[in-house]
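>>> show me the folded form of this:
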Amino acid sequence: MKIAILSRNARLYSTKRLIEAARLRGHSVRVLDPLRCYMRIAAGAFEIHCKGRVLQGFDAVIPRIGASITFYGTAVVRQFEMMGVYTPNGSDAILRARDKLRSLQLLASEGIGLPTTVFGDNPDDTVDLLAMLGESPHVIKLNEGAQGQGVLLAEKRAAAQGMIEAFRSLYANFIVQEFIREADGADLRCFVVGDQVVAAMQRRAPEGDFRANIHRGGSAHAVALSAQEIDTAVRAARVMGLGVAGVDLLRSARGPLVLEVNSSPGLEGIEDASGVDVAGAVVEYLTSMTSRPAPLARRPRKQR
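Numbering: from 1, shown residues only. As a prediction, the model looks like this:
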């Protein structure tokens, strides 16, 4: 199998591990910087070039699209899709997951638990907006933030109003959520591949913070998930349309709550904490999906 990995940096841990896992299993791999890929689009004809060379013959593409290049990166993924190349995370699925508000709306429509969330635009509605959410503390999040960036905790309602005004003055899109106190500064990262959680870890926020992201100094260790937590993580990834996803959960008094579904989850923290070859699981999933025989075309019914 010939695999393309869309990544800005071939030296990143996640990219290196995917290369190693693919080559160990006898596959050919090429890392492509999505910003160096450019496209020709014509009626019924799609073509991609990179650094002056035509890209062709790929069986699968693994997107590692960062938040800062979402628009261009998903256009490249879409072009590969139009050329018939398999990807576990399609362009539309990446866009769904990248938009926090949209993803929460989709998850809620399927009855998946999540922190109560409010969203509004007009400053005149802020008081009623927070009343809809309930008592403070409140968590305020940029709609397209990543790795804990743009996430603030307002202990008092007045502080929440001040933060909301600050975000609005910057013309930023944001959501406001209830604070799940019983989570006690910890969350669960579930790495979903296909219809399985192949690895999981519990992340805990550093002293004085409430964000459990490892990139912000949080610690992590392997954790055993309940059947309900596994089911929630797999369902959340399926709703987003992602074959490979990092699903972040909170343990609450009313069951597991989805914080976020990540379409480009990092491998370093989860592999270190769990000891699982997550990169290998991703490559084996690609193999299973690309080796499936094409469905037989249905014969047209005879007219009577």
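>>> and I3, how many neighbours?
Counted with other C-beta atoms under 10 Å, residues neighbouring I3 total 24. No exception for glycine: its C-beta is placed from N, CA and C like everyone else's.
>>> same question for M1.
M1 has 17 nearby residues by other C-beta under 10 Å.
>>> okay, it: pLDDT?
If you check M1, the pLDDT there is 93.
>>> check contacts around it.
Each residue near M1 by C-beta atoms under 8 Å, 6 or more residues apart in numbering is listed here: A22, H27, S28, D59, A60, L286, T287, T290.
>>> nearest to G194 among those?
Within the contacts of M1, the smallest distance to G194 is 10.1 Å, found for L286 (C-beta to C-beta).
>>> how far away is the most centrally placed residue in the chain from K100?
By C-alpha atoms, centre = their mean, the mean C-alpha position of the chain lies nearest to N262, the distance being 1.5 Å. N262 sits 11 Å away from K100, going by C-beta to C-beta, to the nearest Å.
>>> beta partners for the residue nearest to G275 when sequence neighbours are not counted?
Leaving out its chain neighbours, the residue that sits closest to G275 by C-beta to C-beta, 6 or more residues apart in numbering is A222, at 6.9 Å. Per DSSP bridges, the residues bridged to A222 are M201.
>>> please apply the same query to I41.
F46.
>>> pLDDT at it, what is it?
pLDDT, read off for I41, is 96.
>>> burial count for it?
10.
>>> got it, and the one 4 residues further on?
Here the number of neighbours of A45 (other C-beta under 10 Å) works out to 9.
>>> quick one: the helices in the stretch 201-304 of the chain?
Using DSSP state H, counting those that start in this stretch, the helices of the stretch 201-304 of the chain run over 227-240, 268-274, 278-290.
>>> got TSV for these, with distance to E182 and mean neighbour count too?
Output for the helices of the stretch 201-304 of the chain, formatted as TSV (distance: least, C-beta to C-beta, whole Å; neighbours: other C-beta atoms under 10 Å):
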stretch	distance to E182	mean neighbour count
helix 227-240	15	20
helix 268-274	22	19
helix 278-290	29	20
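>>> domains of this protein?
Here the chain is described, according to automatic domain parsing, as comprising the domains 2-88, 116-179, 182-290.
>>> the helices in the stretch 51-200 of the chain, which residues?
Going by DSSP H, counting those that start in this stretch, the stretch 51-200 of the chain shows helices at 70-82, 91-98, 100-109, 126-133, 157-169.
>>> select, out of these, the one closest to G255.
Closest to G255 of the helices of the stretch 51-200 of the chain, according to C-beta to C-beta: helix 100-109, at 13.6 Å.
>>> what angle do the closest one and helix 227-240 make?
Angle between the axes of helix 100-109 and helix 227-240 is 120 degrees (criterion: axes from the mean of the first three to the mean of the last three C-alpha atoms, to 10 degrees).
>>> what packs against helix 100-109?
helix 91-98, strand 174-178, helix 227-240, strand 255-262 (3 or more C-beta pairs under 8 Å, 6 or more residues apart in numbering; DSSP states H and E).
>>> of the ones you listed, which is nearest R11?
Of those, nearest to R11 by C-beta to C-beta is strand 255-262, at 21.1 Å.
>>> pLDDT of the closest one, averaged?
Averaged across strand 255-262, the pLDDT comes to 96.
>>> same thing with stretch 268-278?
96.
>>> any idea which of the helices of the stretch 51-200 of the chain has the lowest pLDDT on average?
Across those, helix 157-169 gives the lowest mean pLDDT, at a mean of 88.
>>> could you list the low-pLDDT ranges of the stretch 101-250 of the chain?
Applying pLDDT under 70 to the stretch 101-250 of the chain flags residues 145-149, 206-217.
>>> convert stretch 174-190 to PDB, retaining C-alpha atoms only.
Extracted C-alpha coordinates of stretch 174-190, given in PDB (Å, rounded to 0.1, in the frame of the first residue of the first chain):
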ATOM      1  CA  PHE A 174     -16.900  31.600  21.500                       C
ATOM      2  CA  ILE A 175     -19.100  29.300  23.500                       C
ATOM      3  CA  VAL A 176     -19.900  29.200  27.200                       C
ATOM      4  CA  GLN A 177     -20.300  26.000  29.100                       C
ATOM      5  CA  GLU A 178     -21.100  24.800  32.600                       C
ATOM      6  CA  PHE A 179     -18.200  23.900  34.800                       C
ATOM      7  CA  ILE A 180     -18.200  20.200  35.800                       C
ATOM      8  CA  ARG A 181     -16.800  20.400  39.400                       C
ATOM      9  CA  GLU A 182     -16.800  16.700  40.100                       C
ATOM     10  CA  ALA A 183     -14.300  16.100  37.300                       C
ATOM     11  CA  ASP A 184     -11.800  17.600  39.700                       C
ATOM     12  CA  GLY A 185      -9.400  19.000  37.000                       C
ATOM     13  CA  ALA A 186      -9.200  15.600  35.100                       C
ATOM     14  CA  ASP A 187     -10.400  14.400  31.700                       C
ATOM     15  CA  LEU A 188     -10.100  11.300  29.600                       C
ATOM     16  CA  ARG A 189      -8.500  11.100  26.200                       C
ATOM     17  CA  CYS A 190     -10.000   8.100  24.300                       C
END
